[in-house]
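**Student:** predicted coordinates and the sequence they were generated for:
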Amino acid sequence: MPNQQHSTPGAGVSRRGFLKGIGVGTVATGLLSPVGLKDALARENGFVGPGEVPVTLNINGQNRALNVEPRVTLLDALRNRLDLTGAKKVCDRATCGACTVLVDGHPVYACTLLAIEAEGRRITTIEGLGTPTNLTPVQQAFVHHDAQQCGFCTPGFVVAASAFVREHPDATLDEVRHGLGGNLCRCGTYAGMMLAVVEAAKAKGGA
């Protein structure tokens, strides 16, 4: 996250003025991003909304246009507006990893990113990683090692593991444990999952 200076508004600074200053700082931060936070929060006013605004999200190689309130997370936009339900809404607090998607190739908790922040970036969900008849090496390894039980956390693990093995071919078991520490499984099927990712990483290294 970008470094931010924290200060307490002193005497003579109104709450309105303080919040306005925060808005200006947010706009400045947005201007540094690839596309800006919805045109740097509408530039003139320093905010967008509160009603719905149009956004176009590049998901699994396709542009999807929709209208969302600025407060809507990417996770809710995917599940409730675009019917892409692979990313699961479990903790909704960025602690379990069930909602993991790839944003510009990097794993991200979709519950922590606003849909308007994702505009102009490449989003990949579990639906874009393979098909039942053409599984990716990670998906094949998960099937081979029976690395799921209820399956609720599985999509997030597969997405996170796909990014991990791309960056860490030939990863060891300890490296896999550390690399996937941000994803949790309530059923406790970690043994199968870890073996699956090690197998996929070895296949990646061999490739």
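**Tutor:** Structure received.

**Student:** what about Lys202, which SS state?
**Tutor:** What DSSP: H, G, I helix; E, B strand; the rest coil gives for Lys202 is helix.

**Student:** and for stretch 54-65, what are the contacting residues?
**Tutor:** Here stretch 54-65 makes contact (CB atoms under 8 Å, 6 or more residues apart in numbering) with 38, 66-68, 74, 77-78, 82, 84, 115-116, 118-125, 127-128. Using the backbone N, CA and C atoms, a C-beta is placed for each residue, glycine as well.

**Student:** only whichever of those are buried, select them in PyMOL.
**Tutor:** In PyMOL syntax, the buried subset of the contacts of stretch 54-65 is picked out as below (16 or more other CB atoms under 10 Å):
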select buried, resi 38+68+74+77+78+84+115+116+118+119+121+122+123+124+125+127+128
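
**Student:** what's the nearest residue to Thr85 once chain neighbours are set aside in contact with, if anything?
**Tutor:** Leaving aside its sequence neighbours, Thr85 sits nearest to Arg79 (CB to CB, 6 or more residues apart in numbering; 5.2 Å). Residues near Arg79 by CB under 8 Å, 6+ apart: Thr85, Ala87, Lys89.

**Student:** now do Gly51
**Tutor:** Contacts of Gly51 (CB under 8 Å, 6+ apart): Glu69.

**Student:** report pLDDT for it.
**Tutor:** We note a pLDDT of 88 for Gly51 in this prediction.

**Student:** Three-state assignment for it, please.
**Tutor:** coil.

**Student:** secondary structure element for Ala65?
**Tutor:** Using DSSP states H and E, Ala65 sits in strand 62-68.

**Student:** sheet-wise, list the partners of that strand with their directions.
**Tutor:** When pairs are called by DSSP bridges, strand 62-68 turns out to pair with strand 53-59 (antiparallel).

**Student:** rewinding a little: please check the contacts of Arg79 and keep the buried ones.
**Tutor:** Ala87, Lys89.

**Student:** between the contacts of Arg79, which is closest to Leu180?
**Tutor:** Of all the contacts of Arg79, Ala87 has the smallest distance to Leu180: 16.3 Å, by CB to CB.

**Student:** so that closest one belongs to a strand, correct?
**Tutor:** No - Ala87: not assigned to a strand; according to three-state DSSP it is coil.

**Student:** per-residue confidence at it?
**Tutor:** pLDDT, Ala87: 98.
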